[in-house]
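# model the following, please.
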Amino acid sequence: MLSNMSENHEKSRSEVPIGSSSNENSERDRPDSEALSLPSFVAGSGTLDRLVDTARDYARAAASDNTLKAYAKDWAHFARWCRMKGTEPLPPSPEMIGLYLADLASGSGPSPALSVSTIDRRLSGLGWNYAQRGFALDRKNRHIATVLAGIRRKHARPPMQKEAILAEDILAMVATLPYDLRGLRDRAILLLGYAGGLRRSEIVSLDVHKDDTPDSGGWIEILEKGALLTLNAKTGWREVEIGRGSSDQTCPVRALEQWLHFAKIDFGPVFVGTSRDGKRASETRLNDKHVARLIKRTVMDAGIRSELPEKDRLALFSGHSLRAGLASSAEVDERYVQKHLGHASAEMTRRYQRRRDRFRVNLTKAAGL
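Numbering: from 1, shown residues only. From the prediction side, this is the model:
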């Protein structure tokens, strides 16, 4: 299959469009949206240059910052690998990409072998990067598809899931927080993230009102019976309804109200940093990594899974533990959980449910056995 690699790669090099200059190749080698520019036969002007900048801004908004960072790292790793092998990453060579995937799976170099899911993500990153540079990567090409199929067949493992934070866990976690300004903020983050089944990026991207900031990922509306969150999530716009709890001490809406009141926040990002003494709120939006660190810290402080070594406990929990916890703890019809989490299928929701009655529907008995 790969025997004609050299010949085909040389052929793919020769297929670069006639008239392509080194400047054009350099343009195509720019990262993601920076490769967008005017056609060579169009004279630039102030208006057109501004439109190019606008188009680049829209291109950057096509994916989240975390996704763009991951894709940039994928491209940098592949480009470095190509040059170490004496070739270039452009134009795309299915033969070389097949060898690259094999190298990632075998761990033949100084780096350890990667999981199948990570390899698949790397390949998606390459496809995205090639598209930004004006090339199409055919994942169905036999040099790529058959190698990837073999990797999956030989190395695939069940997905490693993060531990779910259950109702009793989240109560123990918020109980470890003080009642200063920072503690009020972190309590609201945990309770809102848990009750809303939110991703950590969704939590920190919230604004008080619609269109408060250019980088807003949604806004909140506090009503008598709860809070309505309008989110620009990875699967599109969706509304999340968070009802008031049975106790003020554990109510996510009450926690949110207290944070906004004492932090004197009535515009802009909902969750911001605080001064070192914890007495004043800043105007800087929190990074989503704060949510992950907060979860790990409060898990440790609350003594959750204390029978395990500290390293293992820290590895068990992440930002997704909040979403998995809601899906696992909510005693309601599965379709409501699916809608709340914004999942396109019930099967995806079931992946988040760490504990559920798996045999509630018994097709064996229904079939007469």
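# which sections of this protein are below the confidence cut-off?
1-35, 109, 158-160, 327-363, 369 (pLDDT under 70).
# how about 80 then?
Under the criterion pLDDT under 80, the flagged ranges of the chain are 1-44, 46, 59-66, 108-111, 156-162, 233-236, 278, 320, 324-369.
# in it, where's the longest helix?
When the chain is parsed with DSSP state H, its longest helix is helix 65-84.
# tell me the buried residues in that helix?
Buried residues in helix 65-84, counted by 16 or more other CB atoms under 10 Å: 68, 70, 71, 74, 75, 77, 78, 79, 81, 82. Glycine gets a C-beta too; all of them are placed from N, C-alpha and C.
# possible to save those residues as CSV with distance to residue 298?
Below are these laid out as CSV (distance: CB to CB, whole Å):
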residue, distance to residue 298
68, 30
70, 27
71, 32
74, 33
75, 36
77, 34
78, 38
79, 40
81, 40
82, 44
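# closest to residue 170 among these?
residue 70 (28.9 Å; CB to CB).
# list the contacts of that closest one.
By CB atoms under 8 Å, 6 or more residues apart in numbering, the residues touching residue 70 are 121, 125.
# same question for residue 102.
With the criterion set at CB under 8 Å, 6+ apart, residue 102 makes contact with 147, 151.
# look up phi and psi at it.
Note on residue 102: backbone dihedrals following degrees, to the nearest 10 are phi -60, psi -40.
# ok, now how distant is it from residue 154?
Using CB to CB, to the nearest Å, we find residue 102 at a distance of 11 Å from residue 154.
# how about residue 55?
43 Å.
# mind giving me the packing neighbours of the helix or strand containing residue 189?
Taking DSSP states H and E as the definition, residue 189 sits inside helix 181-196. Applying 3 or more CB pairs under 8 Å, 6 or more residues apart in numbering; DSSP states H and E, we find helix 181-196 packed against helix 167-174, helix 200-204, strand 236-243, helix 252-263, strand 272-274, helix 289-302, helix 320-329.
# and these as CSV, adding distance to residue 132 and mean neighbour count?
Shown next, in CSV, are the helices and strands packed on helix 181-196 (distance: least, CB to CB, whole Å; neighbours: other CB atoms under 10 Å):
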stretch, distance to residue 132, mean neighbour count
helix 167-174, 41, 19
helix 200-204, 22, 23
strand 236-243, 22, 15
helix 252-263, 39, 20
strand 272-274, 33, 18
helix 289-302, 26, 19
helix 320-329, 28, 23
